[in-house]
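Participant: Need coordinates for the below:
(chains A and B)
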Protein chains: 2
Amino acid sequence: MKLTIDRNELLKALLNSSKVARGTDQVLNNLKLDLFEDKLEVTGSNGELTIKTIVPRYKNDRALFRDVLPGSILLNAKMFTEVIRRMDDNEVSISIEDNSIAKIRNTKSMFNLNVTRAEEYRELDFSEEGVHIALNKNDFVDAINQTSFACSIKARAILQCVNIENDEEKITFVATDGSRLAKKVVPYQSEERFIVNINQKNINEVVHTLSEDDETIDMFISDRKVLFKMINCVIISTITTGEYPNTRNIIPHNFDFRLEVNSDEFLKALDRIVLLSIDRENIVKLTMTEDEVVLSSKSQEIGDAKEVLQLFKYNGGRLEISFNVNYVSQAIKALKCQDILLSFLGEMKPFTVTNKNDENCVQLITPVRTY
Amino acid sequence: MKLTIDRNELLKALLNSSKVARGTDQVLNNLKLDLFEDKLEVTGSNGELTIKTIVPRYKNDRALFRDVLPGSILLNAKMFTEVIRRMDDNEVSISIEDNSIAKIRNTKSMFNLNVTRAEEYRELDFSEEGVHIALNKNDFVDAINQTSFACSIKARAILQCVNIENDEEKITFVATDGSRLAKKVVPYQSEERFIVNINQKNINEVVHTLSEDDETIDMFISDRKVLFKMINCVIISTITTGEYPNTRNIIPHNFDFRLEVNSDEFLKALDRIVLLSIDRENIVKLTMTEDEVVLSSKSQEIGDAKEVLQLFKYNGGRLEISFNVNYVSQAIKALKCQDILLSFLGEMKPFTVTNKNDENCVQLITPVRTY
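Facilitator: Model prediction:
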């Protein structure tokens, strides 16, 4: 195997695939390079998530590599990526000798890295099987960013997942850690049905891997894996088995108390008021009447704080409710809009945080008792 | 005590002084505020280093604060700084009630922070006593940046210091960790003599604290402390007692081997070659003849690497020498110039790294044995 390749294009591929190249199984510390006449494939995997990045031979009629002798090899991901990162010529030549040494050369540098035979890597299944969904990139990114933060980090594996399922008309993304829930609906017509749970780390990595060039993301959802297909990149993720909690009828309706706030002002007030919420970690109190909306917090040792909102509209009687600032801040930030609606049923009932003008995303939060 | 003050100016002062406001003595977690008719002083200390930042009442005819009732108080440094950082009005009002609560207000926010009486703070000696030196700011900054990195981090206290002493014509700054030494000479005429050792952390903090407005730094060096005086900031540092190693005649002359390199090229080559110096941590080999200069490194497990310099000039016979890359890289970076001269006496003798065109700064490095 040998080639001479554009250093920047190689480096981009190495960085993309080496993000996941590690594991208790030593062989996963390698990247797998598969060189064909028309493309170079760089594959990294942690066993749960596998990223294959493709460097095509030609891009806009420019050759990205030349002097090709096809072949496959394993190279230590960290070391190989660092060597290529630090080289400063435009091109670099790589040739594998005796299946044992990779000679990496440019005008100044000569690196000889020990390699491992490609056959020692894990077998990977890149078959495009199962239900096929082709989602607009922005819809996909929004759906994940508006839900995955609400996954649990520590609880049982199923709560660390984003639950994705569809019916004839829509795809529904749900995440919950037991204290809050995020739900996003994306209109999408399909005759095939699927339900799948994907660990938030894996699905977030897919979002990070999307490039500017991608307009669509193709998903192939089977019983054994989900395959995500993008321009010059394929990702396969394991799926998490188990029954996801039934969240279908969990979001209340017909609220008695409705508060409209400005996202920026409310977030900044929360950011200040949380400073004094030391005794009960991150818990602050919201007191609402039609004349005044006040956030407050108190610490026996440090002092107390009060924030008076300037921009608000409130319908309902006087209501006091206490909540975890992080939950509400993250929910508001995920909505990415200025006009936020908080809807309440009572002091101890879960409340919703939504975009006043869009019902496709709902953030549900359980309050805590006010002292 | 009360005042209404420009939030940005207050925040700058709080950030500047709170950098050091911490210690095992609980009272050091506070900032001391001393408000006078014409200035606000904000003092923080960790016992070793004390920073007093001054907010003058007027700056370019603009009042930075108003509605003044003078007084002194202690406020938790972290909490007070964070509250002021997160407030978003231009002005903030502070009033102390009953020596027990600081009421901090703007149009939206009301914070009540518990305070401590000023009398409970440590007594601090801001007297301008001892030898007075007025150094150009850039000379001072260069001298510290070109030496302090060579201090030891772990060895006995005296080696963690920059040693500063003068004679009639110059001030000499020296730092050494036993394996390398950095020495900088700044021409400066003085009739008074001093020798002082200042911990590198303290002296580096002084460098960081200098502002764009400062052109000169005034130092008052006594047996008990060093006081640094700048525009709107005074710092006092403890000094480290003990005999500094005699380094006067340690730097060799009359070298047999002289290598001129380009700083950028040499640093980049070192940065690459160090990747393979895993078996002997950070040790690489430099092989010089008049025809070729090569850097190399080798790891049994990973492989080997070789860098051929393009830009160099070498006088002397063939020489092989091995050294710690960090020492040489840091020395070259400290010199901040393109034309670097490395001067050798032999394979196992300390060598110097200097600016080819300036002898005021010398970096001395002990090599290691070549295998």
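Participant: Show me which residues of the stretch 101-250 of chain A are close to chain B?
Facilitator: Applying Cβ under 8 Å from any Cβ of the partner chain, one finds that the stretch 101-250 of chain A approaches chain B through A:101-102, A:107-114. (Each C-beta comes from the backbone N, C-alpha and C, glycine too.)
Participant: So residue A:332 belongs to a helix, correct?
Facilitator: Yes. Residue A:332 sits within a helix when classified using DSSP: H, G, I helix; E, B strand; the rest coil.
Participant: which residues are contacting stretch A:220-238?
Facilitator: Stretch A:220-238 has contacts (Cβ atoms under 8 Å, 6 or more residues apart in numbering or on different chains) with A:16, A:47-56, A:124-133, A:194, A:196, A:198-199, A:202-203, A:205-206, A:209-211, A:213-214, A:217-219, A:239.
Participant: again, only this time at 7 Å
Facilitator: Identification of contacts with stretch A:220-238 by Cβ atoms under 7 Å, 6 or more residues apart in numbering or on different chains yields A:16, A:48-54, A:56, A:125-126, A:128-133, A:194, A:196, A:198, A:202, A:206, A:209-211, A:213-214, A:217-219, A:239.
Participant: Next, give phi and psi for the closest residue to residue A:255 other than its chain neighbours.
Facilitator: Leaving aside its sequence neighbours, residue A:255 sits nearest to residue A:343 (Cβ to Cβ, 6 or more residues apart in numbering or on different chains; 3.9 Å). In terms of degrees, to the nearest 10, the main-chain angles of residue A:343 are phi -120, psi 130.
Participant: For residue A:343, which residues count as its bridge partners?
Facilitator: In this structure, residue A:343 bridges to residue A:258, residue A:352 when assessed by DSSP bridges.
Participant: Likewise for residue A:4?
Facilitator: So, taking DSSP bridges as the rule, residue A:4 has residue A:66, residue A:93 as bridge partners.
Participant: List the contacts of it.
Facilitator: Residue A:4 touches A:65-67, A:91, A:93, counting by Cβ under 7 Å, 6+ apart.
Participant: top of these by neighbour count?
Facilitator: residue A:65 (22 neighbours; other Cβ atoms under 10 Å in any protein chain shown).
Participant: The nearest residue to it once chain neighbours are set aside: neighbouring residues, count only.
Facilitator: Of all residues not flanking residue A:65 in the chain, residue A:5 sits nearest, at 3.8 Å (Cβ to Cβ, 6+ apart). Per other Cβ under 10 Å, the neighbour tally for residue A:5 reads 24.
Participant: follow-up on the earlier one: among the contacts of stretch A:220-238, which ones are buried?
Facilitator: Using 16 or more other Cβ atoms under 10 Å in any protein chain shown as the burial test, the contacts of stretch A:220-238 include A:16, A:49-54, A:130-131, A:133, A:194, A:196, A:198, A:202, A:206, A:209-210, A:214, A:217, A:219, A:239 as buried.
Participant: From those, which land in helices?
Facilitator: Among the buried ones among the contacts of stretch A:220-238, the ones falling in helices (DSSP state H) are A:16, A:202, A:206, A:209.
Participant: contacting residues around the last one?
Facilitator: By Cβ under 7 Å, 6+ apart, the residues touching residue A:209 are A:16, A:51, A:233, A:235.
Participant: ditto for residue A:15
Facilitator: Counting by Cβ under 7 Å, 6+ apart, residue A:15 touches residue A:81.
Participant: distance of residue A:142 from residue A:183?
Facilitator: From residue A:142 across to residue A:183, the span is 13 Å (Cβ to Cβ, to the nearest Å).
Participant: which one of those two has more residues nearby?
Facilitator: Using other Cβ under 10 Å as the criterion, residue A:142 and residue A:183 rank with residue A:183 on top: 24 against 19.
Participant: just to revisit the earlier point, tell me the one of the contacts of residue A:209 nearest residue B:248?
Facilitator: residue A:16 (55.7 Å; Cβ to Cβ).
Participant: Can you give me the domain boundaries for chain A?
Facilitator: As given by automatic domain parsing, the domain ranges for chain A are A:2-120, A:132-238, A:257-365.
Participant: Distance to residue B:22 and mean pLDDT added to those domains, as CSV?
Facilitator: Shown next, in CSV, are the domains of chain A (distance: least, Cβ to Cβ, whole Å; pLDDT from 0 to 100):
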stretch, distance to residue B:22, mean pLDDT
domain A:2-120, 36, 96
domain A:132-238, 30, 96
domain A:257-365, 16, 96
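Participant: ok, now which ones touch the closest residue to residue A:71 other than its chain neighbours?
Facilitator: Nearest residue to residue A:71, sequence neighbours excluded (Cβ to Cβ, 6+ apart): residue A:1, at 2.7 Å. For residue A:1, the contacting residues are A:35, A:69-73, A:96, by Cβ under 7 Å, 6+ apart.
Participant: Tell me the pLDDT of residue A:1.
Facilitator: Looking at residue A:1, its pLDDT is 96.
Participant: Look up how far residue B:301 lies from it.
Facilitator: 22 Å.
Participant: now residue A:182
Facilitator: Using Cβ to Cβ, residue A:182 is found at 46 Å from residue B:301.
Participant: Between these two, point out the one with more neighbours.
Facilitator: Between residue A:182 and residue B:301, residue A:182 has the larger neighbour count (other Cβ under 10 Å), namely 28 against 8.
Participant: Surely residue A:10 forms part of a helix?
Facilitator: Yes. Assessed with three-state DSSP, residue A:10 lies in a helix.
Participant: Identify the residues contacting it.
Facilitator: A:55, A:84, A:92.
Participant: Give me the secondary structure label for the residue lying closest to residue A:202 once chain neighbours are set aside.
Facilitator: Excluding the flanking residues, the one nearest residue A:202 by Cβ to Cβ, 6+ apart is residue A:237, at 4.3 Å. Secondary structure, three-state DSSP: residue A:237 is strand.
Participant: Repeat that for residue A:159.
Facilitator: helix.
Participant: Ramachandran coordinates for the spatially closest residue to it that is not a sequence neighbour?
Facilitator: Nearest residue to residue A:159 in three dimensions, chain neighbours excluded: residue A:152, at 4.0 Å (Cβ to Cβ, 6+ apart). Phi and psi for residue A:152, reported as degrees, to the nearest 10, are phi -70, psi 150.
Participant: wait, isn't residue A:152 in contact with residue A:158?
Facilitator: No. With contacts counted by Cβ atoms under 7 Å, residue A:152 stays clear of residue A:158, the gap being 9.1 Å.
Participant: can you redo the contacts of residue A:1 as JSON lines with neighbour count?
Facilitator: Formatted as JSON lines, the contacts of residue A:1 follow (neighbours: other Cβ atoms under 10 Å in any protein chain shown):
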{"residue": "A:35", "neighbour count": "24"}
{"residue": "A:69", "neighbour count": "11"}
{"residue": "A:70", "neighbour count": "13"}
{"residue": "A:71", "neighbour count": "16"}
{"residue": "A:72", "neighbour count": "18"}
{"residue": "A:73", "neighbour count": "21"}
{"residue": "A:96", "neighbour count": "22"}
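Participant: Closest to chain B out of these?
Facilitator: residue A:96 (12.4 Å; Cβ to the nearest Cβ).
Participant: Using PDB, write out the CA atom coordinates for the helix or strand harbouring residue A:313.
Facilitator: Using DSSP states H and E, the secondary-structure element containing residue A:313 is strand A:312-315. Taking C-alpha atoms only, strand A:312-315 is exported to PDB below (Å, rounded to 0.1, in the frame of the first residue of the first chain):
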ATOM      1  CA  PHE A 312     -43.500  39.600  31.000                       C
ATOM      2  CA  LYS A 313     -47.100  38.800  30.500                       C
ATOM      3  CA  TYR A 314     -48.900  36.700  33.100                       C
ATOM      4  CA  ASN A 315     -52.300  35.200  33.100                       C
END
